[in-house]
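>>> Here is my input; please provide its structure:
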Amino acid sequence: MTVPRVLLAVLLLMSMGLLPVSAAEPDGEVEERKPIPAEVKKTAADYADTIIEAIHILSKDHVKKVSQAELAGWAIDGLYKRMGERIPPEILKRLSALRDPKEADLRPLLIEARQPLGKGAKLSEFRDMDMSLAGIFERLEPGTKLQPLRESRGFCVLYISRIGIGAEVCKDEDSGLLRVVTPIKDGSAYKAGIRAGDIIMRITQEKDEKHDMRPWSVSTKGLTIEQAKERLLGPIDSKIKLTVYREDPSKPRDVVVVRKFARKETVFGVRRKPDDSWDYLLDRRARIAYIRITEFRVQTLGELKDALASLRRRQIKGLILDLRGNPGGLIPGSLDCAALFLDKVLLVTVRLGNGERERDMIETRGRFRRTPLVCLLDGGTARACELLAACLQDHHRAVIVGERSRGDVDIRVRKPLPHGDLQFMSAAFYRPNGKPLSKVMTSGKDEDDWGVRPDKGFVVKLAPEERKELVEHLRRLEIIAPFNPLMGPNKPAFRDRQLEKALEHLQKPVRKANS
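As a prediction, this is how the structure comes out:
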């Protein structure tokens, strides 16, 4: 029997390894593709609709201008990469041909890219959408932690309906009972006489008809922190009874605490005075003060003003503003705090996703615009806090000491998708000198201009263990009451090298004037 020439050529190519075996069809037959199940088609269509909507939103509102073709490519690449699969050649070819795609082009492409992966646990509960969005955001916002779409379903604003006792608590390792880390200054627990180190043996809720509360009592031994917090929470102005002891377990006492809203302090000093208020003088002889801001909240500006007012009466010669570990908070609040130290200047420029720019200026003069100032920063200094530091540095108002800030300054918005919410960067902040603060707006390399760097000669890097000790040291300073033996062994005094560098800089002119 004579072998047809076409078939002979195919067999020859197969023997040379230039044609896959599956490509050869005897007698001219074409292998039939298995039909795609209706369920997989439906899943792929839902996937495509959601990703298209995300692409439309991001191409229009994200602070970085990217094409829909790029976003579609990143989505498909992210999905296949996380599934450990290769993108089919025909899909790659169509992606490379995309220029200015419309929905009529994108939807069939996304459906066809999704269908070969079928169904399975790895792709269920919108995980396929998560994978694609992760693929987009790793290119669009490197280093951004994506909240999976399936975890954001049912997002809502939680209104405070229950209030606690105004104290931080933890489990006591020795007794298994509940221990007070510290009461919040001027909170209900503080006013009732609760202090750091107190052990809460029992929580008792007496009958309260006004707040429709039934009586119960429970020992804190064996309770998890979440269970204990649940017991301590209740309607505002309701009462809870705590059975506590300070040093001797055989001498417990009952303390009634009224549940009230308590604002945690955000402005701290060097040490607490006998009345638990703050002493801000670090070097009394040189009259150099120290203020630490842990976060920018509604009350921060007022707290800072009060601290500065007390220092103005002392006629201080220098101020150290400690912003280490400050994660940010309210951006308007941080700019209001910056205005206390500056003349009429530009504070920040905001670049919006639509290409517009907004400039924020201050038109009044701060009362502390002449006092020598040093700012302490580290890798935990972020967002609103970086705006404050950048303003002070660019206007030559403060010397920056420590380590580079995080470079995480942006405005994020949340847009609804069919199965959850899409959260992304819609605006970026630029410091007064015109350079970006957000790392995302650069290539992210160390040599790029992002964040706030210490001034030349004022870099003080800490080793990981030293950084951990610093966090513990600053946390201990916040505690109301002398350091209690129940809270662990007393540690030797921590040497804060970054603070020493700041103090040394401010002491020089004072020493020179006195010499």
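
>>> Is Lys260 in contact with Ser188, as I believe?
Yes: in this structure Lys260 lies within contact range of Ser188 using Cβ atoms under 8 Å: 4.6 Å. C-betas here are computed from N, CA, C, even on glycine.

>>> Can you report how many residues neighbour Asp186?
By other Cβ atoms under 10 Å, the residues close to Asp186 number 14.

>>> How is Leu477 assigned, secondary-structure-wise?
At Leu477 the chain is in helix, as set by DSSP: H, G, I helix; E, B strand; the rest coil.

>>> For burial, what's the neighbour tally of it?
16.

>>> Same check on Ala45?
Using other Cβ under 10 Å, Ala45 has 15 other residues around it.

>>> roughly how far apart are the spatially closest residue to it that is not a sequence neighbour and Ala72?
Spatial nearest neighbour of Ala45, excluding adjacent residues (Cβ to Cβ, 6 or more residues apart in numbering): Ile111 at 5.9 Å. Using Cβ to Cβ, to the nearest Å, we find Ile111 at a distance of 12 Å from Ala72.

>>> Give me the more crowded residue out of those two.
Set Ile111 next to Ala72 and count neighbours by other Cβ under 10 Å: Ala72 wins out with 26 against 18.

>>> average model confidence for the helix or strand hosting that one?
Using DSSP states H and E, Ala72 sits within helix 68-83. Averaging pLDDT along helix 68-83 yields 93.

>>> tell me the average confidence for the very next helix or strand once past it?
For helix 68-83, the following helix or strand on the C-terminal side (DSSP H and E) is helix 89-97. For helix 89-97, the mean per-residue pLDDT is 89.

>>> would you list every one of the helices in this structure?
Remark: helices assigned in the chain by DSSP state H are 5-15, 38-61, 68-83, 89-97, 103-114, 127-140, 188-191, 225-232, 300-312, 331-339, 384-394, 464-478, 497-514.

>>> ranking these by burial, who's on top?
The highest mean neighbour count among these, using mean count of other Cβ atoms under 10 Å, belongs to helix 384-394: a mean of 26.

>>> and that one with helix 300-312, angle?
Going by axes from the mean of the first three to the mean of the last three Cα atoms, to 10 degrees, helix 384-394 is angled at 40 degrees with respect to helix 300-312.

>>> roughly how far apart are the residue nearest to Glu168 when sequence neighbours are not counted and Arg359?
Closest residue to Glu168 apart from its sequence neighbours, by Cβ to Cβ, 6+ apart: Val181 at 4.1 Å. Counting by Cβ to Cβ, the gap from Val181 to Arg359 is 43 Å.

>>> about what we covered before: local confidence estimate at the residue nearest to Glu168?
Val181 is given a pLDDT of 90.

>>> do you know how far it is from Asp283?
When Cβ to Cβ is the yardstick, Val181 and Asp283 sit 30 Å from each other.

>>> likewise Asp254?
Relative to Asp283, and taking Cβ to Cβ, Asp254 is found at 45 Å.

>>> Of those two, which one has the most company?
Between Asp254 and Asp283, counted using other Cβ under 10 Å, the more crowded position is Asp283 (18 against 10).

>>> my guess is that one contacts Leu503, does it?
Yes: judged on Cβ under 8 Å, Asp283 makes contact with Leu503 at a distance of 6.5 Å.

>>> Could you pull up phi and psi at the nearest residue in space to Arg467 that is not next to it in sequence?
Closest residue to Arg467 apart from its sequence neighbours, by Cβ to Cβ, 6+ apart: Asp378 at 7.4 Å. Main-chain torsions, Asp378, degrees, to the nearest 10: phi -150, psi -170.

>>> Enumerate every residue touching Ile362.
Counting by Cβ atoms under 8 Å, 6 or more residues apart in numbering, Ile362 makes contact with Leu335, Ala338, Ala339, Leu342, Lys344, Val345, Leu347.

>>> what do you get for Lys239?
Shown in contact with Lys239 (Cβ under 8 Å, 6+ apart): Glu206, Asp208, Val256, Val257, Val258, Arg259.

>>> same question, Arg292
By Cβ under 8 Å, 6+ apart, the contact set of Arg292 is Val267, Phe268, Gly269, Leu321, Asp322, Leu323, Arg324, Leu474.

>>> How much space separates Gly407 from Thr442?
Distance from Gly407 to Thr442, by Cβ to Cβ: 8 Å.

>>> any shared contact partners between these two?
Trp450.

>>> Neighbour count for these two, which is higher?
Comparing Gly407 with Thr442 by neighbour count (other Cβ under 10 Å), the higher total belongs to Gly407, at 26 against 16.

>>> didn't that one look like it was pressed against Ser438?
Yes: using Cβ under 8 Å as the test, Gly407 is close enough to Ser438 to be in contact (6.2 Å).

>>> Now the common contact residues for the two.
By Cβ under 8 Å, 6+ apart, the residues touching both Gly407 and Ser438 are Trp450.

>>> mind checking how far Ser250 is from Arg179?
Counting by Cβ to Cβ - Ser250 and Arg179 are separated by 18 Å.

>>> Correction: the previous question concerned Thr43.
From Thr43 to Arg179 the distance is 51 Å (Cβ to Cβ).

>>> What of Lys185?
Taken as Cβ to Cβ, the span from Lys185 to Arg179 is 19 Å.

>>> and what of Arg383?
From Arg383 to Arg179 the distance is 32 Å (Cβ to Cβ).

>>> hmm, back to that, neighbours of the residue nearest to Arg467, how many?
The number of residues near Asp378, taken as other Cβ under 10 Å, comes to 24.

>>> and it, how far is that from Ala44?
Per Cβ to Cβ, Asp378 is found 47 Å from Ala44.

>>> which intervals of the chain have sub-threshold pLDDT?
Across the chain, residues meeting the criterion (pLDDT under 70) sit at 1-33, 103, 142-162, 354-355, 482-492, 513-515.

>>> for it, longest strand please?
If you go by DSSP state E, the chain has its longest strand at strand 420-430.

>>> nearest spatial neighbour of Glu403, skipping sequence neighbours?
Using Cβ to Cβ, 6+ apart, the closest residue to Glu403 is Asp378 (4.5 Å).

>>> what residues are up against the one you found?
Arg324, Gly325, Gly402, Glu403, Ser405, Leu462, Arg467, Gln498.

>>> So which of those sit within strands?
Among the contacts of Asp378, the ones falling in strands (DSSP E) are Gly402.

>>> In contact with the most centrally placed residue in the chain: list those residues for me.
Nearest to the mean C-alpha position of the chain, by Cα atoms, centre = their mean, lies Pro327 at 6.7 Å. Listed by Cβ under 8 Å, 6+ apart, the contact set of Pro327 reads Glu295, Gly380, Ala382, Arg383, Cys385.

>>> Would you tell me which one of those comes nearest to Pro418?
Arg383 (30.4 Å; Cβ to Cβ).
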